[in-house]
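Chemist: Got a sequence here, can you build the structure:
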Amino acid sequence: MTENMQKKMGLTAKILIGMFAGIAIGGLLRVLFPGSELVETYLVDGLFSVIGNIFVSSLKMLVVPLVFVSLVCGTASLSDPGKLGRLGGKTLAFYLTTTAIAITLAITAAVIVHPGSASMAAEGLAFDAKEAPPLSQVLVNIVPSNPIDAMAKGSMLQIIVFAIIFGVAISQSGERGARVRNFFEDINEVVMKLVTILMQLAPYGVFALMAKLALTLGLETFGSVIKYFFLVLAVLFVHGLVTYPTLLKLATGLSPVTFLKKMRSVQLFAFSTASSNATLPVTIESANYRLGVHNNISSFSLPLGATINMDGTAIMQGVATVFIAQVFAIDLTIGDYVMVIITATLASVGTAGVPGVGLIMLAMVLNQVGLPVEGIALILGVDRLLDMVRTAVNVTGDAAVTVIVAKSEGEFDEEVYDDPFAGAELMGDRKPEAA
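Modeler: Numbering: from 1, shown residues only. Down below sits the predicted model:
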């Protein structure tokens, strides 16, 4: 492969190549050297294990700083006291409600379809789940007595609560709070760069993880991963094309078809970048000039949505959690499912709108219900493709909630919304004269 080709090749292609190369090499070694102690010692437990474990550890390494800094920035952005009341509460309520609907839909679909097969859990990958604490104790433990200790131990629910409280305090601290917020926004940029660097190493981590899995699990594994892939895709389409339009129609009476048509350019941009943050300028322009939302609403709700409204990520986490539990033959109780819904909803609040961070948040959800983080390796190879689709779902949800809130606040121009050509030229859609 030439240097030119490598530069032109996107991360998706590199991850897919790493995945298929790992599967092929692992499968070939399994066929050529069945039961070989050398392969087991130096590759399965050696090279592939070391590289794979380093990559999984690097994912876990970013969980605490990513959640804390991202959440502080998100909640501190509610700096205008006038927006911290009805508008802030209404926007947050809609975002959290759609996320809870998304994760519930995902878990229900996964339980019914049953994408994971317990036969996939070969010898050496068996996992004894620790007994999860009762829900009442989890709720008591949400508030940290020592936030530094919570960060050191990776107690994510406690970190989330402390970050939200800390962010609100920053937003209420005037000029000093503004300086602290600017500091955290700079830190957030650095953390995002760390995520970007990590995702550039993903193809190598995927290769090692897939090669090891091919040597230990067998071909039936990958059949189930394909089943997982299409199940997540189906739930994403249902949420994006049914849940949001239905909510929009019920809450505002506006045409969902018009909304979806005017969101096409934003969705395509989100799909190509796989980043809600990168899509944000396009989303704001579309909301203002295509959907008729006044800027004082969109400038508040859309950046907030890019930080806390991650329904697509929540759907992946819901299906992946059930999938991994089924693979390792671990039965989840109703309490566990409730815990997944709560945790994934809160996790989506701390999920930054950049490619790849959904997997980092998945590690937190798995830990919360006592499932092996190593199970992420099963879905890593196909996640980048799903990441692109779920980003399109995320920005669609951001815009839908923004329209609903703007309409309820009287900060909305229905004539612009109903005009098929409003803002069309600005957004690169069909011009009126081309109609």
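
Chemist: got the residue ranges for the helices in the stretch 151-300 of the chain?
Modeler: 156-171, 174-200, 202-216, 220-238, 244-252, 256-262, 264-273, 276-289, 295-308 (DSSP state H, counting those that start in this stretch).

Chemist: and what of the stretch 301-435 of the chain?
Modeler: For the stretch 301-435 of the chain, the helices defined by DSSP H, counting those that start in this stretch cover 311-327, 334-349, 357-368, 377-409, 414-418.

Chemist: With distance to residue 148 as added columns, please give the helices of the stretch 151-300 of the chain in a markdown table.
Modeler: In this view, the C-beta of every residue, glycine as well, is placed from N, C-alpha and C. What follows is these, written out as a markdown table (distance: least, C-beta to C-beta, whole Å):
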| stretch | distance to residue 148 |
| --- | --- |
| helix 156-171 | 10 |
| helix 174-200 | 17 |
| helix 202-216 | 30 |
| helix 220-238 | 36 |
| helix 244-252 | 40 |
| helix 256-262 | 45 |
| helix 264-273 | 36 |
| helix 276-289 | 28 |
| helix 295-308 | 24 |
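
Chemist: tell me which residues in stretch 262-273 are buried?
Modeler: In terms of neighbour count (16 or more other C-beta atoms under 10 Å), stretch 262-273 has its buried residues at 262, 263, 265, 266, 267, 269, 270, 271, 273.

Chemist: Output these in TSV, with pLDDT appended to each entry.
Modeler: Formatted as TSV, the buried residues of stretch 262-273 follow (pLDDT from 0 to 100):
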residue	pLDDT
262	88
263	89
265	79
266	81
267	83
269	72
270	77
271	79
273	67
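
Chemist: For residue 404, which of the helices of the stretch 151-300 of the chain is the nearest?
Modeler: helix 244-252 (4.6 Å; C-beta to C-beta).

Chemist: Just name the most buried of the helices of the stretch 151-300 of the chain.
Modeler: Across the helices of the stretch 151-300 of the chain, averaging neighbours per residue (mean count of other C-beta atoms under 10 Å) puts helix 202-216 on top, at a mean of 25.

Chemist: got the CA coordinates for that helix in CSV?
Modeler: Written as CSV, here are the backbone C-alpha positions of helix 202-216 (Å, rounded to 0.1, in the frame of the first residue of the first chain):
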residue,chain,number,x,y,z
ALA,A,202,-7.7,1.8,16.6
PRO,A,203,-7.0,-0.3,13.5
TYR,A,204,-4.0,-1.9,15.2
GLY,A,205,-5.9,-2.6,18.4
VAL,A,206,-8.8,-4.0,16.3
PHE,A,207,-6.4,-6.2,14.4
ALA,A,208,-4.9,-7.7,17.5
LEU,A,209,-8.3,-8.2,19.2
MET,A,210,-9.9,-9.8,16.2
ALA,A,211,-6.9,-12.1,15.6
LYS,A,212,-7.1,-13.3,19.2
LEU,A,213,-10.8,-13.8,19.0
ALA,A,214,-10.5,-15.7,15.7
LEU,A,215,-8.0,-18.0,17.4
THR,A,216,-10.3,-18.6,20.4
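
Chemist: Fine, thanks again, bye for now.
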